[in-house]
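Enquirer: Here is my input, please return the structure:
(chains A, B, C and D)
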There are 2 protein chains.
Amino acid sequence: MTAADKRAESKAKYNAFLAVCPSQKLLDRISDKWVTLIVTALGSGPDCSGDPRAMRYSELARTLAGVSPKMLTQTLRSLELDGLVSRTATPTVPVTVTYELTDLGLSLLQLIRGLKSWAETHMDEVLANRDLAVGHSA
Amino acid sequence: MTAADKRAESKAKYNAFLAVCPSQKLLDRISDKWVTLIVTALGSGPDCSGDPRAMRYSELARTLAGVSPKMLTQTLRSLELDGLVSRTATPTVPVTVTYELTDLGLSLLQLIRGLKSWAETHMDEVLANRDLAVGHSA
DNA sequence: CAGTATCCAGCTAGATACTG
DNA sequence: CAGTATCTAGCTGGATACTG
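Expert: Got it, this is the predicted structure:
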């Protein structure tokens, strides 16, 4: 029992450490599919080329074709909460709302572009290994 | 109906695009909590300092205190499949198995260290924004 | 236009117990 | 030591329908 308790305790400590670890928090953030897509969209449309620009809610919804209003709002809110995007509501007749990357968001965009670049140079190799193994069983 | 069909179609196309997109695949990979932890562990123990080294199964299990054998094996297998780690079984009396980063794995390690570095410089700012908003309601 | 509210289904991490 | 097998519970994404 004591040995089991020790294990349980070190596990709890480790989990506590992970809960605080900045890297894990970052991973939690960007592992959300829509986070990266929204950031890159605001960073210049879906193809990641061009300059950052503000976009309206419906514009984002159209660009990220598969997103439900729920996820779009939820993700935008969390990004706003984290100071990564800023929301601007203009009181026109139907209200106009735009979202834009903050400086912090732009910094994250650079990081994501780094990921993208690694992915483009190395993921084919990863997939090649995977397919190789699959072909094995054929 | 036709408008709805159009929307459904573009959504399907977008999802298909995402399924193929190298960046999304990379994100899928590293968003797995244990993937990054194992890679950094093999990259030098849990604190990410020091040099990459091979580790035994039980050594990994001890380092990643909270991991179940199931997840550890599952993650190691997938990393092996993707050519990110190599598995070596030495036929000693109880068999000895070690895992080590491949070149591709080492490359991924560099990327993860980049993430870690961004996290350490910027996540406190993100969290500060978040806490600010929380404090609001207090 | 820019959301909000609700409900449901699928995946998957984790616990646990057993094995060559 | 180095795993494999099974079961379950919880979270989360998606669909849908409605609103200021």
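
Enquirer: Tell me where chain A has helices.
Expert: A:2-20, A:22-30, A:33-42, A:57-63, A:69-81, A:103-136 (DSSP state H).

Enquirer: how about those helices in a markdown table, adding mean pLDDT?
Expert: Formatted as a markdown table, these follow (pLDDT from 0 to 100):
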| stretch | mean pLDDT |
| --- | --- |
| helix A:2-20 | 84 |
| helix A:22-30 | 94 |
| helix A:33-42 | 95 |
| helix A:57-63 | 94 |
| helix A:69-81 | 97 |
| helix A:103-136 | 91 |
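
Enquirer: Please convert those helices to CSV, extending it with mean neighbour count and distance to DNA strand C.
Expert: Using the backbone N, CA and C atoms, a C-beta is placed for each residue, glycine as well. Below are those laid out as CSV (neighbours: other CB atoms under 10 Å in any protein chain shown; distance: least, CB to the nearest atom of the strand, whole Å):
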stretch, mean neighbour count, distance to DNA strand C
helix A:2-20, 11, 7
helix A:22-30, 20, 12
helix A:33-42, 22, 12
helix A:57-63, 16, 3
helix A:69-81, 16, 4
helix A:103-136, 15, 15
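
Enquirer: Can you show me the CA trace of stretch A:16-34 as CSV?
Expert: Extracted in CSV, the C-alpha atoms of stretch A:16-34 (Å, rounded to 0.1, in the frame of the first residue of the first chain):
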residue,chain,number,x,y,z
ALA,A,16,0.3,19.2,-11.0
PHE,A,17,3.5,20.1,-12.7
LEU,A,18,2.0,19.6,-16.1
ALA,A,19,-1.0,21.7,-15.2
VAL,A,20,1.3,24.6,-14.5
CYS,A,21,3.9,24.0,-17.2
PRO,A,22,3.8,26.8,-19.8
SER,A,23,4.6,24.4,-22.6
GLN,A,24,1.6,22.2,-21.8
LYS,A,25,-0.6,25.3,-21.7
LEU,A,26,0.6,26.4,-25.1
LEU,A,27,0.1,22.9,-26.5
ASP,A,28,-3.4,22.9,-25.0
ARG,A,29,-4.1,26.2,-26.8
ILE,A,30,-2.8,25.4,-30.2
SER,A,31,-3.9,21.8,-30.2
ASP,A,32,-7.4,23.2,-30.6
LYS,A,33,-8.0,22.8,-34.3
TRP,A,34,-9.9,26.1,-34.7
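
Enquirer: circling back: mind giving me JSON lines with the helices of chain A and columns for distance to B:S86?
Expert: Shown next, in JSON lines, are the helices of chain A (distance: least, CB to CB, whole Å):
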{"stretch": "helix A:2-20", "distance to B:S86": "26"}
{"stretch": "helix A:22-30", "distance to B:S86": "24"}
{"stretch": "helix A:33-42", "distance to B:S86": "30"}
{"stretch": "helix A:57-63", "distance to B:S86": "41"}
{"stretch": "helix A:69-81", "distance to B:S86": "38"}
{"stretch": "helix A:103-136", "distance to B:S86": "11"}
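
Enquirer: Quick check: which of the ones you listed is nearest to DNA strand D?
Expert: helix A:69-81 (4.1 Å; CB to the nearest atom of the strand).

Enquirer: got the residues of chain A near DNA strand D?
Expert: For chain A, the residues in contact with DNA strand D (CB under 7 Å from any atom of the strand) are A:32-34, A:66-71, A:74, A:94-95.

Enquirer: how about 6 Å then?
Expert: For chain A, the contact set with DNA strand D under CB under 6 Å from any atom of the strand comprises A:32, A:68-71.

Enquirer: circling back: and of the helices of chain A, who's closest to B:A16?
Expert: helix A:33-42 (14.5 Å; CB to CB).

Enquirer: can you state the direction angle for the closest one and helix A:103-136?
Expert: Put simply, helix A:33-42 runs at 120 degrees to helix A:103-136, going by axes from the mean of the first three to the mean of the last three CA atoms, to 10 degrees.

Enquirer: Help me see whether helix A:33-42 makes contact with chain B, please.
Expert: Yes - for helix A:33-42, a contact with chain B is found by CB under 8 Å from any CB of the partner chain, at A:33, A:36.

Enquirer: how far does that helix sit from the chain's center?
Expert: Its chain's C-alpha centre and that of helix A:33-42 lie 6 Å apart, by CA atoms, centre = their mean, to the nearest Å.
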